[in-house]
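In: predicted model follows, preceded by the sequence.
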Amino acid sequence: MIPNGLIIHMTRSTGYEERFYRNISRPAELVCYEVKHKETDLFCCTDHDLGGFIKDRVLTYRHQLEGYISVNPLFQESLIPIKDDPVAPPIVREMIRASAAVGVGPMATVAGAISECIGRDISGLTGDFIIENGGDIYLRTSVERTIQIHAGRSPFSGHLGIKIPSSAESRGVCTSSGTVGHSLSFGKADAVCILGRSALFADGLATYLGNIVKKKDDIARAIEQGQTFSDITAILIILGDQLGAWGDLDIVET
């Protein structure tokens, strides 16, 4: 077990494997629990149990998203950016803006958007928090933690971790995979992990860069494109036995 560690399968696994991983990865000093509604499946760690409050917020955000999609189906269907809508709910507008800045469809940011919105909602109710939604994490931590990276059949999978230093600021850590899980990717990367100030934005960028990486030679090009975004602090890309990294990134063996 990693001291103060958070071990999360970051490639959007489902079912027994995911639940097993969550059962062995709970930081001892925090209260950890799951909050589920339809496709939303959160793993939450906070100073005390905020499950009821978080469930209410999940229902609110899902109601806003589902209501908007019912009258604007392009929001859900488009794989490219769509026009901003000044009358849309705030979470919808944030997703539209972030996806447009990256160059993907709005739903590429949905998991990170819910993680981040929940994190903001509870930021005044708890000191440390970790909100994980299908492998996309928004957290604030007063101690150093390590997030273990799983990358399908890559030899790096399960053997590398990223140290997350303590900070008063909240941060996003999001991963996309073209080989593991059910998330849509047009690339072949085993893992594209993005660290940044926003989980919503990092989620969209992980998808965008993951679409680029179809062969090993694409890793450097994807990193070069990713580092042009000012809110991104680090990038890690794994494809088979090849790894590329950039930024403020402390990679450790786990």
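Out: In hand now; what should we look at? Numbers count the residues shown, from 1 in each chain.

In: from here on, contacts and neighbour counts on C-alpha atoms
Out: Fine.

In: show me what the mean pLDDT comes to for the strand or helix carrying residue 97.
Out: Here residue 97 is covered by helix 90-102, with elements defined by DSSP states H and E. Helix 90-102 carries an average pLDDT of 97.

In: need the residues that contact that helix.
Out: Helix 90-102 has contacts (CA atoms under 8 Å, 6 or more residues apart in numbering) with 61, 64-65, 68, 80-86, 105-110, 113, 117, 200-201, 204-205, 208.

In: so after that helix, what's the next helix or strand?
Out: helix 110-122.

In: chain center to that next one, what's the gap?
Out: In this view, helix 110-122 has its centroid 10 Å away from the chain centroid, taken as CA atoms, centre = their mean, to the nearest Å.

In: list the buried residues for the helix holding residue 97?
Out: By neighbour count on 16 or more other CA atoms under 10 Å, the buried set for helix 90-102 is 91-100, 102.

In: please enumerate the helices of the chain.
Out: With helices called from DSSP state H, the chain shows them at 16-23, 51-71, 74-77, 90-102, 110-122, 199-212, 218-226.

In: out of the ones you listed, which is the most enclosed?
Out: Looking across those with neighbours counted as mean count of other CA atoms under 10 Å, the highest average goes to helix 199-212: a mean of 29.

In: quick one, that helix and helix 110-122 angle?
Out: 160 degrees (axes from the mean of the first three to the mean of the last three CA atoms, to 10 degrees).

In: which residues does the residue positioned nearest the centre of the chain bridge with?
Out: Centroid-nearest residue in the chain, with CA atoms, centre = their mean: residue 136, separated by 1.8 Å. Counting by DSSP bridges, residue 136 forms beta bridges with residue 133.

In: residue 77: what's it in contact with?
Out: Residue 77 touches 105, 107, counting by CA under 8 Å, 6+ apart.

In: look up how far residue 80 lies from residue 213.
Out: Counting by CA to CA, to the nearest Å, the gap between residue 213 and residue 80 amounts to 18 Å.

In: tell me who's in contact with the residue lying closest to residue 233 once chain neighbours are set aside.
Out: Leaving aside its chain neighbours, residue 233 sits nearest to residue 196 (5.1 Å; criterion: CA to CA, 6 or more residues apart in numbering). Residue 196 is in contact with 171-173, 202, 231-234, counting by CA under 8 Å, 6+ apart.

In: got a list of what the residue nearest to the centre of the chain touches?
Out: Taking CA under 8 Å, 6+ apart as the test, what residue 136 contacts is 10, 111-112, 115, 172-175, 199, 203.

In: and which of these is nearest residue 40?
Out: Checking these against residue 40 by CA to CA gives residue 111 as the nearest, at 8.1 Å.

In: pLDDT score assigned to that closest one?
Out: So, for residue 111, pLDDT stands at 95.

In: likewise residue 207?
Out: 94.

In: correct me, but it touches residue 176?
Out: Yes - with contact defined as CA atoms under 8 Å, residue 207 counts as touching residue 176 (5.6 Å).

In: partners of residue 193 in the sheet?
Out: Those that pair with residue 193 in a beta bridge, by DSSP bridges, are residue 175, residue 236.

In: mind checking how far it is from residue 226?
Out: Residue 193 sits 11 Å away from residue 226, taking CA to CA as the criterion.

In: identify the contacts common to the two.
Out: With CA under 8 Å, 6+ apart, residue 193 and residue 226 have common neighbours residue 235.

In: quick one: low-confidence parts of this structure?
Out: Scanning the chain for pLDDT under 70 picks out the ranges 1-25, 155, 178-186.

In: let's see 80
Out: 1-26, 150-152, 155-159, 177-187, 254 (pLDDT under 80).

In: I'd like to know how many residues surround residue 104.
Out: 22 (other CA atoms under 10 Å).
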